[in-house]
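Undergrad: Quick one, what's the 3D model for this:
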Amino acid sequence: MHKIIIAGCGGISNAWINVLLKRGDAKIAGLADILPQRAVSQNEKYGLGCNTYASLTEALAGEPDADIVIDNTPPDRHRQIVTEALRAGRHVFGEKPMSDNLEDAEAMVACAAKTGKKYFVMQNYRYNAQITSLRDFLASGELGRVGHIKADFFTGPRFGGFRDEMGSPLIADMAIHTFDEARYITGADAKSVYCHEYNPMWSWYRGAACASAVFEMTSGIVFGYHGSWCALGLNTSWNAEWHILCEKGSAAWVGPRLEYQTESGEVRPVPFKPYERGEGHESCIDDMFCALQNGTEPPTGCGSNINSVRMVMKAQESAKSKAKICIA
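TA: Presented below is the predicted three-dimensional model:
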C-alpha cells in the first residue's frame with residue numbers, strides 16, 4: 001500500500017484525489033497547502049480522514065511512512081517541492097509543466113538521478129484513444145514518412161488566479177500539452193524553434209495569450225503551432241486540431257473526426273482503437289504506479305518529459321529574442 005502526501009490542494013487536486021480513491025494500492029495520508037484551509041476543505045469534501053499541514057516540510061515530518069508526494073503546486077514552486085520530497089526519500093508524481101524555467105527543470109531531473117527516486121510528470125493529453133490511434137496509424141507506415149505536422153489551438157478559458165498574471169500563460173502553462181502531443185504523435189524531438197508571442201487588445205491576461213511557433217524536429221519533420229487562450233468563439237478542441245502531411249498522403253484529427261487520404265484515394269477513417277483504461281489522469285497515474293512497481297520508466301518520466309519542457313522554454317526564449325533558437 002502506497003501512502004501519499006498531496007502538496008497543493010487547489011482545483012487540480014480534485015483530478016488526482018478522484019483517481020487515487022479508486023485505487024486499492026494507494027492511501028492519502030496527508031494534505032498540505034500554504035493556505036491551510038484549502039487542505040482542510042479537501043479533507044472534508046472527500047471524507048479522507050487524513051492529516052492536514054501548512055507546508056510540505058510539516059507533512060514529511062508528520063507522515064514518515066508516506067512514500068509518494070504528489071506535487072499539485074503552481075509551476076514556479078515545483079523545484080522546491082520536488083527536490084525537497086526527493087531528498088527526503090520520497091518518489092514524486094507531479095503536475096505539468098515540470099517548471100516555469102529550464103534551469104529548475106534540469107535541476108529536478110538531476111536530483112531524481114542523484115537520489116535514486118522517481119519523478120514522473122503528468123501528461124494526461126497523451127492518454128486519449130484518438131491520439132493513440134493516430135500515433136499507431138502513422139507508425140504503421142501506410143502513409144510513409146511524416147514531413148509536416150500542424151496544430152491549431154484556439155480556446156478562451158477564464159481561469160482567474162495565477163494564470164491571469166503569468167508573462168506567457170499560453171506557452172508556459174498550456175502549450176506543453178500540444179508540444180508533448182507532437183512528440184508523441186511523431187516520435188521526434190525538437191531541434192530548433194522560432195516563436196512569436198503576442199496579446200490581443202481584448203485579452204483578459206496580463207501576459208501573451210497567443211503565439212505562433214515553428215519547430216524543426218528530428219527525422220526532418222517540421223511542426224507548426226498556432227494558439228490562443230483568448231479566442232472568442234469557434235474554439236477548437238482542447239486537444240487542438242491537427243493536420244499531418246506524409247509522403248504518401250495526409251491525416252487529420254479535428255474534433256471527433258480522425259481521417260486520412262492518399263493522393264488518389266477517398267477520405268477514410270483512421271483505424272480507431274478504443275482505450276482499455278480510463279483516459280487522461282487515470283491512465284497516466286496508472287502508468288506511474290505500474291512503473292514504480294516494475295522499476296521502469298513511464299512514458300512521462302522526467303528524463304523524457306524534459307524534452308517537451310525544452311520546447312516550451314526555448315519557444316519563450318525565441319519570442320523574447322525574436323530569433324531562431326537551437327534546442328539541445
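Undergrad: Now the element after the lowest-mean-pLDDT helix or strand in the chain, going C-ward?
TA: Sorting the helices and strands of the chain by mean pLDDT, DSSP states H and E puts helix 169 at the bottom, at a mean of 93. Counting by DSSP states H and E, the element after helix 169 in chain order, helix or strand, is helix 175-186.
Undergrad: who touches that following helix?
TA: Here helix 175-186 makes contact (CB atoms under 8 Å, 6 or more residues apart in numbering) with 96-97, 123, 125-126, 131, 134-135, 138, 146, 149, 151, 153, 188-190, 211, 213, 215, 217, 219, 221, 223, 225, 227, 238-240, 242, 244, 299, 305, 307-309, 311-312, 315. Every residue, glycine included, has its C-beta placed from N, CA and C.
Undergrad: Ok, stretch 53-62 next?
TA: 5, 7, 30-34, 36, 39, 51, 66, 69, 81, 84-85, 88, 90.
Undergrad: Now with 10 Å, please.
TA: Stretch 53-62 is contacted from outside by 5-8, 29-37, 39, 50-52, 63, 66, 69, 71, 73, 77, 80-82, 84-85, 87-90, using CB atoms under 10 Å, 6 or more residues apart in numbering.
Undergrad: which residues in the stretch 101-250 of the chain form helices?
TA: For the stretch 101-250 of the chain, the helices defined by DSSP state H, counting those that start in this stretch cover 102-115, 129-139, 169, 175-186.
Undergrad: Tell me which of these sits nearest to residue 259.
TA: In terms of CB to CB, the element of those nearest to residue 259 is helix 129-139, at 10.0 Å.
Undergrad: If you count neighbours, what's buried in that closest one?
TA: 130, 131, 132, 133, 134, 135, 137, 138 (16 or more other CB atoms under 10 Å).
Undergrad: what do you get for stretch 264-277?
TA: Neighbour-count burial for stretch 264-277 flags residue 270 (criterion: 16+ other CB under 10 Å).
Undergrad: Report the contact partners of residue 262.
TA: Residue 262 makes contacts with 142, 143, 144, 246, 248, 249, 250, 268, as judged by CB under 10 Å, 6+ apart.
Undergrad: out of the residues you listed, which are inside strands?
TA: Of the positions in the contacts of residue 262, 246, 249, 250, 268 sit in strands, assigned by DSSP state E.
Undergrad: and whichever helix in the chain runs longest, what does it pack onto?
TA: Criterion DSSP state H: the longest helix present in the chain is helix 302-321. Contacts defined by 3 or more CB pairs under 10 Å, 6 or more residues apart in numbering; DSSP states H and E place helix 302-321 against strand 91-94, helix 102-115, strand 119-121, helix 175-186, strand 190-198, strand 210-217, strand 222-228, strand 325-326.
Undergrad: roughly how far out does the third one sit from the chain middle?
TA: Which is strand 119-121. Centroid separation for strand 119-121 versus its chain: 11 Å, with CA atoms, centre = their mean, to the nearest Å.
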